[in-house]
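Colleague: pasting the sequence and the predicted coordinates here, then a few questions.
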Amino acid sequence: MTDKYNSVPDVSPHTGTTQARDFILRATDIKKSFGGVHALKGASMTMRRGEITALIGDNGAGKSTMVRCLSGIHRPDSGSIVLDGEDVTFESPNAARERGIETVHQTLALVEDLSVWQNFFLGREKTHGFGPFRTLDRKVMKATAGELLKNLAVNVPPVTSKVRRLSGGQRQAVAIARAAGWGSKIVIMDEPTAALGVQETARVEGVINTLRDSGVAVLLISHNFDQVMRLSDHVWVMRAGMAVAERRTEETSGDELVALITGAKAA
Ligand SMILES: Nc1ncnc2c1ncn2[C@@H]1O[C@H](COP(=O)(O)OP(=O)(O)OP(=O)(O)O)[C@@H](O)[C@H]1O
């Protein structure tokens, strides 16, 4: 596999900074088998700060397994993950989260009967006082959730609204904002707009763009080529357990990506 970064300009088109060559993540030669099924056969991929990296491939290519290795759900059988210059292994999703990798799963993991702000702080509640006098700092949590939503230009009803009252797009936006709100270095999104209509998709894509512009690296798993072409800066193509090709989005086309996915075109 060739390293195409040698031909990539130093200045990111989105941030205008010199971060374009700065890898936030390097996964190298990742292998993962389930019994006799070799889901990942030595896959390697990279991500950079302030960029949206798309991970594409046919059903069964190994995308979810790669994502699960990066987010601490699976332990790779072998290979290395370097995050922000440091070799890491994650024992659990919480360990990955603590190192700054958040994942927005298709199921979103929001609690319908809790408010937006309560969902933001689920399991990470802020308290004040000490010892037995410790109480939840509702005011701070509400204000923080409101601020996070505002920063990402997420248009939702007040943070006191119950999640059950939100539309699909609003829920997705809340889940993304929650993932982004913990000093995340990387936010992984699995088909973030699969269940949404055209308008809501546009809104959620706006949120994803804002997140990228704030310097977070986004990993986007999507079967939607138009979306990949619209949103991503960089694409990794997986086939049969390997990352077989990488492209700068501006230098490829939907047709080429399809050919790379099916194997009709060699990397
Ligand atoms: N927990 C598991 N146990 C057994 N086999 C698995 C497991 N997880 C994944 N696989 C197998 O590994 C291969 C890669 O699956 P994976 O879900 O990573 O692909 P994918 O690219 O995400 O596909 P899709 O687009 O359909 O989600 C498939 O053959 C799948 O059946």
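Modeller: Looks like it came in fine. Numbers count the residues shown, from 1 in each chain.
Colleague: the residue nearest the centre of the chain bridge partners, please.
Modeller: Taking CA atoms, centre = their mean, the centroid of the chain lies closest to Ile188, which sits 1.6 Å from it. Under the criterion DSSP bridges, Ile188 forms beta bridges with Thr103, Leu219.
Colleague: now do the same contact list for it.
Modeller: The neighbourhood of Ile188, defined by CB atoms under 8 Å, 6 or more residues apart in numbering, consists of Val67, Leu70, Ser71, Ile101, Glu102, Thr103, Val104, Val218, Leu219, Ile221. For every residue, glycine as well, the C-beta is placed using N, CA and C.
Colleague: up against the ligand, what does the stretch 1-150 of the chain have?
Modeller: Phe34, Val37, Ala39, Gly57, Asn59, Gly60, Ala61, Gly62, Lys63, Ser64, Thr65 (CB under 6 Å from any ligand atom).
Colleague: are any of those buried, and which?
Modeller: Burial by neighbour count, 16 or more other CB atoms under 10 Å: within these this picks out Ala39, Gly57, Ala61, Gly62, Lys63, Ser64, Thr65.
Colleague: tell me the phi and psi of the closest residue to the third one other than its chain neighbours?
Modeller: Counting by CB to CB, 6 or more residues apart in numbering, the nearest residue to Ala61 once its immediate chain neighbours are dropped is Met238, at 4.1 Å. In this entry, Met238 is assigned phi and psi values of phi -110, psi 140 (degrees, to the nearest 10).
Colleague: do you know how far Met238 is from Lys31?
Modeller: Look at Met238 and Lys31: by CB to CB, to the nearest Å, they are 14 Å apart.
Colleague: which neighbours do those two share?
Modeller: Common neighbours of Met238 and Lys31 (CB under 8 Å, 6+ apart) are Ala43.
Colleague: more neighbours, the two?
Modeller: Met238 (25 against 16; other CB atoms under 10 Å).
Colleague: list the contacts of that one.
Modeller: Ala43, Leu55, Ile56, Gly57, Ala61, Gly62, Lys63, Met66, Val244.
Colleague: ok, and the closest non-adjacent residue to Ile73?
Modeller: Per CB to CB, 6+ apart, closest to Ile73 is Pro93, 5.8 Å.
Colleague: what about that neighbour, how many residues nearby?
Modeller: 16.
Colleague: my guess is it contacts Leu70, does it?
Modeller: No: using CB atoms under 8 Å, Pro93 makes no contact with Leu70, being 10.5 Å away.
Colleague: who does the residue nearest to Ala61 bridge with?
Modeller: With DSSP bridges as the rule, Met238 is bridged to Gly57, Ala243.
Colleague: quick one: it from the ligand, how far?
Modeller: 6 Å (CB to the nearest ligand atom, to the nearest Å).
Colleague: tell me the one of the contacts of Ile188 nearest Ser232?
Modeller: Val218 (8.5 Å; CB to CB).
Colleague: what about Glu112, how many residues nearby?
Modeller: Quick note: Glu112 (other CB under 10 Å) scores 11 neighbours.
Colleague: ok so it is a helix residue?
Modeller: No: according to DSSP: H, G, I helix; E, B strand; the rest coil, Glu112 belongs to no helix; its state is coil.
Colleague: tell me the contacts of it?
Modeller: Lys162, Val163, Arg164 are the contacts of Glu112 under CB under 8 Å, 6+ apart.
Colleague: tell me the pLDDT of the first one.
Modeller: This means Lys162. On pLDDT, Lys162 comes in at 90.
Colleague: identify the residue spatially nearest to it, adjacent ones excluded.
Modeller: Lys162 sits nearest to Ser115 (CB to CB, 6+ apart), 5.7 Å away.
Colleague: gap between that neighbour and Val159?
Modeller: Going from Ser115 to Val159 by CB to CB gives 7 Å.
Colleague: quick check: Gly62 touching Gly42?
Modeller: No: counting by CB under 8 Å, Gly62 does not reach Gly42; the two are 10.6 Å apart.
Colleague: so what sits against both of those two?
Modeller: Common neighbours of Gly62 and Gly42 (CB under 8 Å, 6+ apart) are Gly241, Met242.
Colleague: what about this structure, any weak spots by pLDDT?
Modeller: 1-21, 123-136, 153 (pLDDT under 70).
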